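Novice: my questions concern the predicted model and sequence given below.
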Amino acid sequence: DKYNGELYVMGHTIDILPMHPLRKDSEEEKRVELHLHTKMSAMDGVGEIENYIKVAKSMGHKVIAITDHGVVQGFPEAQKHATELGIKVLYGAELYMVDDNLHYAFNPQDILLHDATYVCFDFETTGLSSKYDRIIEFGATRFEKGVVVDTIDFFINPGRPIPKKITDITRITDEMVKNAPGEKDVLTKIKSFIKDAVLVSHNAEFDIGFLNEALDRNGQEKITNPIIDTLALSRYLFPEARYHNLGALCRNLEITSYNDDEAHRADFDARILNEVWLAILNILVRDNMMMTHADLAKLKANDAILKHLKPRHVVVLAKNELGLKNLYKLISLSHINYLAEIPKIPRREMIKHHEGLLFGSACFNGEVFDTARTRNKEDLKKVLAFYDYIEVQPIPNYCYLVNVGSIENNKQVQRFIEDIIEAADEIGKPVVATGDAHYVNPEEKIHRDVYIMAKAVGGKPHPLNTNPYERAGEVYYENPDQHYRSTKEMLKEFCFLGEEKAREIVVTNTNKIAQTVQELFPVKSKLFAPKIPGTEEFLRSLCFKTAREWYGNPLPQHIEDRLSRELNGIINNGYSVNYYIAHKIIAKAKEDGYLVGSRGSVGSSFAATMAYITEVNPLKPHYRCPNCKNSEFVSDSKYSSGYDLPDKLCPVCGTKYIKDGQNIPFETFLGFNAEKIPDIDLNFPSDYQARAHDYTKELLGEDSVFRAGTIGTTADKTAFGYVRGYFERLGQDPNTVPRAETAYLASHLTGVKKTTGQHPGGIMVIPNDKEVYDFTPVQYPADDKESTWKTTHFDYRAIHDSLLKLDLLGHVDPLALKMMCEITNINVEDIPMNDPKVISIFSSDQSLGRKNNFLKVETGALAIPEFGTDFVRGVLRKTRPNTFAELVIISALTHGENVWANNAEDLIDQKICGLRDVIGCRDDIMTYLTDKGLEPKIAFAIMESVRKGKKVAPQLADIMRAHNVPEYYISSCNKIKYMFPKAHAVAYVMMAVRVGYFKVYYPLEFYATFFSVRSKQYEFNTMLKGEDAITTRIEELRRKTLNRSERLQPKEVGIYDTLKIAIEMVERGYKFGNIDLYKSDAVNFTVDYDRGVLIPPFTVLDGLGESAAYSVIEARKDGKFLSKEDLLSRTKLNNTNMEELESLGVLNDLGDTNQISIFEF
DNA sequence: CAGTCCCGTAGGCATAC
DNA sequence: ATCACGTATGCCTACGGGACTG
Ligand SMILES: Nc1nc2c(ncn2[C@H]2C[C@H](O)[C@@H](COP(=O)(O)OP(=O)(O)OP(=O)(O)O)O2)c(=O)[nH]1
Ligand SMILES: [Mg+2]
Ligand SMILES: [Mg+2]
Ligand SMILES: [Zn+2]
């Protein structure tokens, strides 16, 4: 397209080709992948577990491991898809292990530190490996009785070229060592210098490793001198410090003689080290003059060292249920006790929890490969001993190290791999070839490339990025190949070992490991409900007590029957504790002066009504007498809500009847036989929610309640951003990339974990006889140690079937109602549900009494919760409801995709149904189908699948047809994407009616509350100016919505929403007053009854937030503001705030400075 | 007095009921 | 190009300004 530069393909005919075949594996005997990352490896894995499993199946693989970075959040999906395809999953994770017991001393001896003789020394070498590299310089100082008595420094010819990298660091060239003696000729010299002194080195394992290796090579004994490591001591002394190199240690010890120009030469470093050691020695013996070399081992480092200890990757696989639990414990410990930006786990905890687990040595970030790179075989074997099996990976997996120059070339990588295998063979540790897969197929490599290029959460570069700081001129090397490899591919990668050896590590050993692992199912389907002695009886008697208070004693038989039946279901299925707790929290909130809103399917339970958990009464429409407890049930099908019954006096005692009953089946909540696991939902005022949550800890104990966790992943918008960033960093303008390509790439980047979070209200309850680790690991949300809640590592869906949830949600409605009740002195319970004027606002705006109608509204539903949007008001306009029952139907019809639009609306338009016979809520489906003669359980199952947006299964649709369910009904079911339970609709209509009551009868209080708690955005100068200004602005914004090329910014949408309510208020004859330094509240609109206006809070101004607003309230308690200067200095207002206040005329009475102001007095 | 850190404010995004 | 589900919590980032620090 020449106009927009996009590439277009014009299709004339379309042939549907067969699916691209999944990859095969031509080897007969299959390998097992023991190291694999899914999208749950944050900002790194791009392979979908479902696809891994499908490809594994296609390749004939029977087993596959899942080992994400530090987490097990991929387990649920893995189990789901593996079960479907009959693949066995090895459940595990790749953990970050640290050694937090520091080795300050080697070869311990009982020598008094304060008067020992020391040799501080340092080597320069050709590289990091004591085996493959050589010493090129030795420098040392000898220190006796408080004075340096000798120093020494000389070069050693390594007999090989010095790598450029080393010359860059040390400034030592081949030329300088050319005439120096060789290694063999200097050993005696070194030994005679150090004699039997205590040796001090910075990173002793490195220096001593080189020395011993050299001695060994030349047939000499290793040294036995006592050794001190100042690197470990640096961590001990400065646990918070990030860096512990010699320069950093000098800065921390305030040693100033260190300088970068002379550093990294053995003579200089040895001299500095001598100073360093003296300083440390002073600190150590200050408290304990008698401290010995051996005593150093007893020093106990602070936990803060964890943060800066280098983590080593270790793969952990669960062999059985015990192992799974131990794995969950390790995951929890690392995310809670040892969290240090990343979840670390000390080796000792690994050892403690080893039972049921297999430890594998992981990738090049594991200690095995590191040891192979830096140490000799003997050390390597010691390291290998910790592991149950040893991993080696294809050479391309290590390319990062070669690219950045840490390893010379692939040949050297191969040598390290061979060394590892040789050492492992000698001590009988099985070696396995692992692929460390990060994506499924080779062509998906670019998806990971995009993530390697992207910044992780917190702005951190990906560890494999070869130009992490985006320096111009530096290279982004090609990233390693890490797709899911076939046996054939893997054998080829290891052909350098010879056919037999390759087969052993690729096929034989991986299968052996897999065989020692039991097939596990981490997602449990059995429910473990909490038990507290006495709660069942408490609940039963509470419910019957309320019932008798309401309906008399003895209870009418059908009420007694329903309550008993419900209570049996509730108690037998383990819900009594949750009912009990919900009851207690609500009682507490009320005691604390708060309202609690009802919500959710629990309103279908009469027992819940009786326990005051919901305001919804699910019984059939009825009257009951508050005085003599007489009740009267109404069978007239005209009334489907008790609130619509005509007023009536009790025939027995003449008292005005209470009207109630919504006709809701209990089964919507729990099913016929507890087929589903509902939660209990409650709407707490937003400012009370946290307290409600805290109270569960008090009631059940800290170890029994956990906030449900959520997993935040990359979705569309973020994915597009990453793709654009990727092209930008490669120097390409992302706007020149075809949109289709960007979209294609982005679509493959979604679902990758970024962070974790907290469920909006869900509190998971752990039964007393279980531990949380029986179900899930725990963590802090977003790994934030300051969080008041620990969260479940798995999200709610994964543990839905095994644990109960209390959903203590936040909502503005109860908060708003409380505010309105307080300023009007009205009791919520006294607000009628059938006030004709109030009900009329849902079909007409007459009762609002407005002078003008700029927006041409036809109903009064604006600003009524869940009814005030353009869409819902449109439905109201079309249906003009005038009963509570109709509002309930409309509530459900206007929530969820394809419920009204493309569905009920069409049926009504085509006169196939009336408003009262379309599917008007979830429960309708079950009731209707049972009436048609379907088995209740089948009717229930269909209801559940419809409300979840799933189509009715074909067999079930056939059953429906067999029972004469019309085709339109089936297709209506199939279109619904989501549907309210009736109980929820009732609860929400109740709230809407209450809010409507205030809107009709207490407009100023209503608008004050609306603007305080609902409005997201204000444009206060427009609001203050009044009707003309508001209508002009609305018109301007509306024109923008109609204009296709222009879109309203989110902020403008907010302003638009607020102005719509503002104009309604103004048309009803009410006004906004100005901000008043002494009358305005910090955050809420208040009513000025004298002037009949609303006084805005300070926060209506953009950029003036809560903190600044409250500071004004505080400051004015200390007396009047004398001047603008005074106001500015006594509050947290900033200059922009001041300017805005000024332009609104709020500061008219104030002079610029105090002098003038005093003068004016 | 410039650099750094922390706080307040706002907006974007993802997830959930 | 969205004639439509509405309302909630929470995490991350950017930015500007004041307090702190070398
Ligand atoms: N508007 C709207 N409301 C929702 C949606 N999902 C849930 N709600 C409301 C209505 C639900 O009854 C209420 C509680 O949600 P739950 O997830 O607990 O489901 P519910 O209680 O209906 O069924 P349950 O028995 O818990 O499985 O929250 C939604 O997608 N849109
Ligand atoms: Mg629920
Ligand atoms: Mg819920
Ligand atoms: Zn009576």
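Specialist: Arrived safely. Ligands and ions are numbered 1, 2, ... in the order given.
Novice: next SSE downstream of the longest strand that chain A contains?
Specialist: If you go by DSSP state E, chain A has its longest strand at strand A:753-765. Downstream of strand A:753-765, the next assigned helix or strand under DSSP states H and E is strand A:778-779.
Novice: tell me the gap between that following strand and the middle of its chain.
Specialist: Strand A:778-779 sits 11 Å away from the centroid of its parent chain (C-alpha atoms, centre = their mean, to the nearest Å).
Novice: with stretch A:967-976 instead?
Specialist: Using C-alpha atoms, centre = their mean, the offset of stretch A:967-976 from its chain centre is 37 Å.
Novice: hang on, A:Gly712 in a strand?
Specialist: Yes - assigned with DSSP: H, G, I helix; E, B strand; the rest coil, A:Gly712 falls within a strand.
Novice: pull the number of nearby residues for it.
Specialist: Residues contacting A:Gly712 under the criterion other C-beta atoms under 10 Å number 15. Every residue, glycine included, has its C-beta placed from N, CA and C.
Novice: how about the longest strand of chain A, does it get close to ligand 2?
Specialist: No - residues of strand A:753-765 contacting ligand 2 under C-beta under 5 Å from the ion: none, with a closest distance of 10.0 Å.
Novice: does anything pack onto that strand? Which helices or strands?
Specialist: helix A:576-591, helix A:689-700, strand A:705-713, strand A:791-795, helix A:796-799, strand A:804-811 (3 or more C-beta pairs under 8 Å, 6 or more residues apart in numbering; DSSP states H and E).
Novice: give the rounded mean pLDDT of the lengthiest helix in chain A.
Specialist: Assignment by DSSP state H gives helix A:266-287 as the longest helix of chain A. For helix A:266-287, the mean per-residue pLDDT is 84.
Novice: go on, stretch A:585-593?
Specialist: Taken as a whole, stretch A:585-593 carries a mean pLDDT of 98.
Novice: ok, now stretch A:116-135?
Specialist: 86.
Novice: how about the CA coordinates for that stretch, as PDB?
Specialist: The C-alpha trace of stretch A:116-135 is given here as PDB (Å, rounded to 0.1, in the frame of the first residue of the first chain):
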ATOM      1  CA  ALA A 116      51.500 -14.500  64.300                       C
ATOM      2  CA  THR A 117      53.800 -14.100  61.300                       C
ATOM      3  CA  TYR A 118      52.000 -13.500  58.100                       C
ATOM      4  CA  VAL A 119      52.800 -13.600  54.400                       C
ATOM      5  CA  CYS A 120      50.300 -11.600  52.400                       C
ATOM      6  CA  PHE A 121      50.600 -12.700  48.700                       C
ATOM      7  CA  ASP A 122      49.000 -12.500  45.400                       C
ATOM      8  CA  PHE A 123      49.400 -14.200  42.000                       C
ATOM      9  CA  GLU A 124      48.700 -12.800  38.500                       C
ATOM     10  CA  THR A 125      47.800 -15.600  36.100                       C
ATOM     11  CA  THR A 126      47.000 -16.200  32.500                       C
ATOM     12  CA  GLY A 127      43.300 -16.900  33.400                       C
ATOM     13  CA  LEU A 128      40.900 -18.300  36.000                       C
ATOM     14  CA  SER A 129      41.700 -22.100  35.700                       C
ATOM     15  CA  SER A 130      44.300 -23.500  38.100                       C
ATOM     16  CA  LYS A 131      44.400 -26.400  35.700                       C
ATOM     17  CA  TYR A 132      44.600 -24.800  32.300                       C
ATOM     18  CA  ASP A 133      46.200 -21.500  33.200                       C
ATOM     19  CA  ARG A 134      49.500 -20.500  34.700                       C
ATOM     20  CA  ILE A 135      51.000 -18.100  37.200                       C
END
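Novice: kindly state the beta-bridge partners for the residue nearest the centre of chain A.
Specialist: By C-alpha atoms, centre = their mean, chain A has its centre lying nearest to A:Thr756, at 1.4 Å. A:Thr756 forms beta bridges with A:Ile711, as assigned by DSSP bridges.
Novice: ok, now how distant is it from ligand 4?
Specialist: Distance, A:Thr756 to ligand 4, using C-beta to the ion, to the nearest Å: 56 Å.
Novice: can you pull the contacts of that residue?
Specialist: A:Gly709, A:Thr710, A:Ile711, A:Gly712, A:Gln779, A:Pro781, A:Ala782, A:Asp783, A:Thr791 (C-beta atoms under 8 Å, 6 or more residues apart in numbering).
Novice: per-residue confidence at the residue lying farthest from the centre of chain A?
Specialist: Most distant from the centre of chain A: A:Asn179, at 62.0 Å, with distances by C-alpha atoms, centre = their mean. pLDDT for A:Asn179: 89.
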